[in-house]
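**Q** No sequence on hand, only this structure:
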Ligand SMILES: [Zn+2]
């Protein structure tokens, strides 16, 4: 039962569906603690990357640019791929509906 053992390890990555971790409503980043929330406010529904220092959600264009650079730098996507991916991704996020 290798699969069960893997799941029992309690992975806290963004893909395994740990229901206790809130995701940023703008970019989907898991926010394991208040430090990762906008303005470090425990009630904030969006993460530090999507909010300014006061915890206000940044403009859509600014968040979009930030996510595109993230995927280019960290996921090795081309700029075009990242733009397509982010545009599609953002249409599904509660903050941008
Ligand atoms: Zn975010």
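**A** Right, received. Where do you want to start? Quick caveat, the model's predicted, so the values are computed rather than measured. Numbers count the residues shown, from 1 in each chain.
**Q** how about the residues of the chain near the ion?
**A** Contact residues, the chain versus the ion (Cβ under 5 Å from the ion): 24, 26-27, 29, 47, 49-50. Any C-beta I mention is one placed from the backbone N, CA and C, and that applies to glycine too.
**Q** and the most centrally placed residue in the chain, how far is that from residue 63?
**A** Closest to where the C-alpha atoms of the chain average out (Cα atoms, centre = their mean) is residue 29, at 2.1 Å. To residue 63, residue 29 is 11 Å away according to Cβ to Cβ, to the nearest Å.
**Q** between those two, what contacts are shared?
**A** Residues touching both residue 29 and residue 63 by Cβ atoms under 8 Å, 6 or more residues apart in numbering: residue 49.
**Q** got a list of what residue 39 touches?
**A** Here residue 39 is in contact with 48, 51-56 (Cβ under 8 Å, 6+ apart).
**Q** repeat that for 7 Å
**A** For residue 39, the contact set (Cβ atoms under 7 Å, 6 or more residues apart in numbering) comprises 51, 53-55.
**Q** ok, longest helix in this structure?
**A** As assigned by DSSP state H, the longest helix anywhere in the chain is helix 60-74.
**Q** Could you check it and say which residues are buried?
**A** 63-64, 67-68, 70-72 (16 or more other Cβ atoms under 10 Å).
**Q** One more: stretch 35-45?
**A** Residues 36-39, 44-45 are the ones in stretch 35-45 that count as buried (16+ other Cβ under 10 Å).
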